[in-house]
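Engineer: need a structure here:
(3 chains)
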Amino acid sequence: MTAPTKPPHNGPANSPSVSPLGETAGDLHAPVIDWFEEHARDLPWRRPEAGPWGVMVSEFMLQQTPVNRVLPVYEQWLARWPRPADLAADAPGEAVRAWGRLGYPRRALRLHGAAVAITERHDGDVPTDHAQLLALPGIGEYTAAAVASFAYGQRHAVLDTNVRRVFARAVTGVQYPPNATTAAERRLARALLPDDEHTASRWAAASMELGALICTAKNETCQRCPIAAQCAWRLAGKPDHEGPPRRGQTYAGTDRQVRGRLLAVLREAHAPVPQSALDRMWHEPVQRARALDGLVADGLVEPLPGGLYRLPLA
DNA sequence: CATTCGTGGTC
DNA sequence: TGACCAAGAAT
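Structural biologist: Numbers count the residues shown, from 1 in each chain, chains lettered A, B, ... in the order given. Next up is the predicted model:
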C-alpha cells in the first residue's frame, strides 16, 4: 500500500495532465486494497493451505462459472486429487465425471492435461513462471497471470471480466468494456499496476473482488464503492452503454445443449452406454450425430466397438 | 477478430 | 419470461 503522493500540478482536478494515469493509479490502489482487506470473501482457494494447485484448480473452474457453483466441486476435487500427480494418474474421464455440471467440460479435460504436463515437465509442481503456465493446456493470458499473482505473489496485470468492467467505469468512464479485450485495456491494466510486487498482487485480487461484489454488471452498488468519488463513469452521470449490443448467448436447441445432454448420460453411467441410450436424448438425428462426433473429436467421449460409448480412459 | 463451448441463477 | 450474465480458452 504505497501512499500515493499527488504530483505537483496546479490545474483543476480533471484537467489533462502530462501523465494521465499518474493521479488515477495512485488514488485507486489504497482505497480498493483497504476495502478488500475488510470485505474480501473467505474463499477456500484464498486460504494459505490451498497452495498453487488449489489456486490453479479454482481458476479453471471459475472460467465462466459462478463462485457459488464452483465451491462444492472444488472441495471434492482437491480432496480426491490433492496434488497434480494424483489427477494425472487417474483417467481423464474421471476428471470429466467429477466436473459434474460446472459446464464447458473441456475444461476438465484440459485441467487433467495440465496435471499430466506438470507431472512430466515440472516435477509435479505448478510452475511459477508465467510463460510456463501459459504453455499448459487450458491456461490463457488471464489464468497464467492469475496463478502467478495469487499463488506466487508475482506482479502481473490480471485482466478478467470483473477488472475490465471496473477499469471501464472508474477510469474510462463507460458502463461496459468492449466485447473483446483490446490492446488499450492491456496497456491501461499495466499502467495501473503498482510497482511493488506484493502490492500488485493485492491490487489484482482487490480490483477483481470489487468488480465481483460492488461494481457488478447490473445493479452496481456505488454507495458501498471505495472509489465512487473518483469513478469517471459515476461522475459523468452513469451514461448508458453505447455501441454494438453485447452478444447474447442463446442455448436452447444448440449443439451445446445436445452435447450437454449426451455427456450427462455418460457421466452418470459407470459402464459403456449403447448408442440407443444416447439417441433417446435428442430427436433430431443429424444434430445428434454432429454433437456426438464433436464430443468424440474433443476427446470427451470414447467410442468402443459395438456402438458403445464411455468417458475416456486415456 | 468472431465463434464455439454448458449450465443455472437472476430480474 | 426470456435475455443477460458468470475469475476464458482455443481456433
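Engineer: rest of the way, CA atoms for contacts and neighbours
Structural biologist: Fine.
Engineer: Would you pull up the residue in the stretch 1-150 of chain A closest to DNA strand B?
Structural biologist: A:Gly103 (3.3 Å; Cα to the nearest atom of the strand).
Engineer: Skipping adjacent residues, who's closest to that residue in space?
Structural biologist: A:Thr65 (7.5 Å; Cα to Cα, 6 or more residues apart in numbering).
Engineer: That neighbour and DNA strand C: what is the separation?
Structural biologist: 5 Å (Cα to the nearest atom of the strand, to the nearest Å).
Engineer: and that residue, helix, strand or coil?
Structural biologist: coil (DSSP: H, G, I helix; E, B strand; the rest coil).
Engineer: now A:Leu109
Structural biologist: Under three-state DSSP, A:Leu109 falls in the helix class.
Engineer: and it, what is it in contact with?
Structural biologist: A:Leu109 sits next to A:92-93, A:95-96, A:299-300 when contact means Cα atoms under 8 Å, 6 or more residues apart in numbering.
Engineer: give the contact list for the closest residue to A:Ala131 other than its chain neighbours.
Structural biologist: The spatially closest residue to A:Ala131, leaving aside those adjacent along the chain, is A:Ala144, at 7.8 Å (Cα to Cα, 6+ apart). Applying Cα under 8 Å, 6+ apart to A:Ala144 gives the contacts A:130-131, A:133-134.
Engineer: buried residues in whichever strand or helix holds A:Ala144?
Structural biologist: Taking DSSP states H and E as the criterion, the element that holds A:Ala144 is helix A:141-152. By neighbour count with 16 or more other Cα atoms under 10 Å, helix A:141-152 contains the buried residues A:142-152.
Engineer: Can you pull the phi/psi pair for A:Ala117?
Structural biologist: With angles defined as degrees, to the nearest 10, A:Ala117 sits at phi -60, psi -40.
Engineer: what pLDDT does it get?
Structural biologist: Looking at A:Ala117, its pLDDT is 98.
Engineer: ditto for the one 3 residues further on
Structural biologist: With respect to pLDDT, A:Glu120 has a value of 98.
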